[in-house]
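In: coords please:
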Amino acid sequence: MQSGSTQLRVGRQRVMQALETVCDPEVPVLTILDLGIVRSIENVEDIWQIDITPTYSGCPAMNMIEANIRLTLDARGIKNYRINTVLEPAWTTDWMSEAGRKKLKEYGIAPPQASPHQFKLFGDQQLLECPRCESTNTECISQFGSTSCKALYRCLDCKEPFDYFKCH
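Out: Have a look, this model is predicted:
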């Protein structure tokens, strides 16, 4: 017979394994754990409390993410859960995993800079590394990319456009 703490540990592991398969609908190469939007997973009176934080308030993907979490947990036989949207503290790109940043680059999206003080600057312009050829000879075309959380850049060496996952 398993002790209560062992059952909770096994149960939490099942929930985590399920959440590891839920991808972001806007950037399907990233899981919600890669993004860092899963803030906590706690068992309170035999109900799994899963706290998620949107990448920004009003993020249109959050309804789909919550639905995908529900579908995934239900499919794995996990029925005793509650998903809570937590707005404070606000999500930051600092919560993204290193694996998530690497996946973004491999997918062709420049990952966010770790923090604003680590930007490479040339004059007043932030230099981003092209995810394709790694050149920093890049320029911002638009502060608005394919989604609200991205900006559109162009590499002046390989001539390819690319999204940059904005730091915030």
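In: what helix or strand is residue 65 on?
Out: Residue 65 is located in helix 62-75, with elements delineated by DSSP states H and E.
In: How about that helix, which residues are buried there?
Out: 62, 65, 66, 68, 69, 72, 73 (16 or more other Cβ atoms under 10 Å). Where C-beta positions appear, they are placed from N, C-alpha and C, glycine not excepted.
In: Can you give the distance of stretch 103-117 from its chain's centre?
Out: 11 Å (Cα atoms, centre = their mean, to the nearest Å).
In: got it, and stretch 37-52?
Out: 18 Å.
In: do you know how far residue 83 is from residue 37?
Out: Using Cβ to Cβ, to the nearest Å, residue 83 is found at 11 Å from residue 37.
In: Kindly apply the preceding question to residue 98 instead.
Out: 16 Å.
In: how about the closest residue to residue 139 other than its chain neighbours, secondary structure?
Out: In space, and not counting its chain neighbours, residue 139 is closest to residue 154: 5.6 Å by Cβ to Cβ, 6 or more residues apart in numbering. Here residue 154 is strand, with the state taken from DSSP: H, G, I helix; E, B strand; the rest coil.
In: surely residue 154 meets residue 161?
Out: Yes. In terms of Cβ atoms under 8 Å, residue 154 counts as a neighbour of residue 161; the distance is 4.9 Å.
In: what's near enough to touch residue 153?
Out: Residues near residue 153 by Cβ atoms under 8 Å, 6 or more residues apart in numbering: 110, 128, 130, 138, 139, 140, 141, 161, 162, 163, 164.
In: give the contact list for the fourth one.
Out: Residue 138 sits next to 127, 128, 129, 130, 153, 154, 155, 156 when contact means Cβ under 8 Å, 6+ apart.
In: Residue 18 in helix, strand or coil?
Out: helix.
In: If we go by neighbour counts, what in stretch 32-50 is buried?
Out: 32, 33, 34, 35, 36, 37, 38, 43, 48, 50.
In: try stretch 143-153
Out: 145, 147, 149, 150, 151, 153.
In: quick one: average confidence on that stretch?
Out: Mean pLDDT, stretch 143-153: 86.
In: With stretch 82-92 instead?
Out: Stretch 82-92 comes out at a mean pLDDT of 94.
In: Counting by contacts, list what the helix or strand harbouring residue 104 packs against.
Out: Element membership for residue 104, per DSSP H and E: helix 98-107. Packing partners of helix 98-107 (3 or more Cβ pairs under 8 Å, 6 or more residues apart in numbering; DSSP states H and E): helix 32-35.
In: Please pull up the helix or strand immediately following the helix it packs on.
Out: With DSSP H and E, the next secondary element past helix 32-35 is strand 38-44.
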